[in-house]
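Trainee: Dropping a prediction and its sequence here:
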Amino acid sequence: ALQADSSISPLPHLEAKIRQTHSLARLLTKYAEQLLQEYVQHQGDPFGLPGFSPPRLPVAGLSAPAPGHAGLPLPERLRLDAAALDALAPLLDVVRRRQAELNPRAPRLLRHLEDAARQARALGAAVEAVLAALGAEPGGPRPEPAAVAAAASAAAAGVFSAKVLGLRVCGLYGEWVSRAEADLGPLVPGGPT
C-alpha cells in the first residue's frame, strides 16, 4: 500500500499550496487596506483631508504594478509579484522605524507595520514556492541594500517626506498583495479562469 502512495502525483499538494497562497493574498489585501487607513489617521493634517493629494515620491527599487502587468505570461507576473513583495518587506521596516520616532504613542500602527513586513516576506516566499512547484524559473535578483538605504535616507530627510514615503510604501504594499491575489486567482482549482 505504501508503494501506491509514493506514486501519487504531486498535484493535490500543488493545489493545496496554490489555495493557501491565494487565501493569504486575499487576507493580506484586506489587511493592507486597513493598514493604509490606520497609517493616514496617525499622520495628522494635511493627510486624510479631502482633496489632499500627496506628491508621488518614487520609491527606490520598487514601482507600482505596470499597466501592462495583466497581459504578461503568468510565470512572469508571479515573478514580479514575488520580487516586489520581497522588496516591500525591508521598506516597511524602514517606515516602521521612522514612525516609531514620529508616532511613539501608536503601538497598534507600529505592530501592524511590523506584521505587514513579515507578511510581505511570507507571501513573497509562498508565491516563489508556487512558481517552483509549477516548474518555472525562480525570480530575479533580490532587492539591493542600496535601494533600502535610499528609502531610509528619504525617510530621514524630513517629517513630511518621511510621512509621504510611508504613505507610498503602504499604498504599494496594498497594490502588490492585491495584484498577487489576482494573479493567483486563475490557478486556484474551480476559481476564475
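Mentor: Good, I have the coordinates. Residues are numbered from 1 along each chain as shown.

Trainee: Please state the offset of the lengthiest helix in the chain from the chain centre?
Mentor: Using DSSP state H to define each element, the chain has its longest helix at helix 11-41. Its chain's C-alpha centre and that of helix 11-41 lie 9 Å apart, by Cα atoms, centre = their mean, to the nearest Å.

Trainee: Could you check the angle the helix or strand just after it makes with helix 11-41?
Mentor: Next along the chain after helix 11-41, taking DSSP states H and E as the criterion, comes helix 74-102. Interaxial angle of helix 74-102 relative to helix 11-41 (axes from the mean of the first three to the mean of the last three Cα atoms, to 10 degrees): 30 degrees.

Trainee: Give the buried residues for whichever helix or strand comes after helix 74-102.
Mentor: Remark: after helix 74-102, the chain's next helix or strand is helix 107-133, criterion DSSP H and E. Of the residues in helix 107-133, 109-110, 112-113, 116-117, 119-121, 123-124, 126-131, 133 count as buried by neighbour count, 16 or more other Cβ atoms under 10 Å. In this view, the C-beta of every residue, glycine as well, is placed from N, C-alpha and C.

Trainee: In terms of secondary structure, what does helix 107-133 contact?
Mentor: Applying 3 or more Cβ pairs under 8 Å, 6 or more residues apart in numbering; DSSP states H and E, one finds that helix 107-133 contacts helix 11-41, helix 74-102, helix 159-184.

Trainee: Could you dump the ones you listed into CSV and include distance to residue 47, mean neighbour count and mean pLDDT?
Mentor: Listed next are these as CSV, based on distance: least, Cβ to Cβ, whole Å; neighbours: other Cβ atoms under 10 Å; pLDDT from 0 to 100:
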stretch, distance to residue 47, mean neighbour count, mean pLDDT
helix 11-41, 5, 17, 93
helix 74-102, 12, 21, 94
helix 159-184, 6, 22, 95
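
Trainee: which stretch among these comes nearest residue 53?
Mentor: helix 159-184 (10.8 Å; Cβ to Cβ).

Trainee: The closest one vs helix 74-102, what angle?
Mentor: 150 degrees.

Trainee: and helix 159-184 with helix 107-133, angle?
Mentor: 40 degrees.
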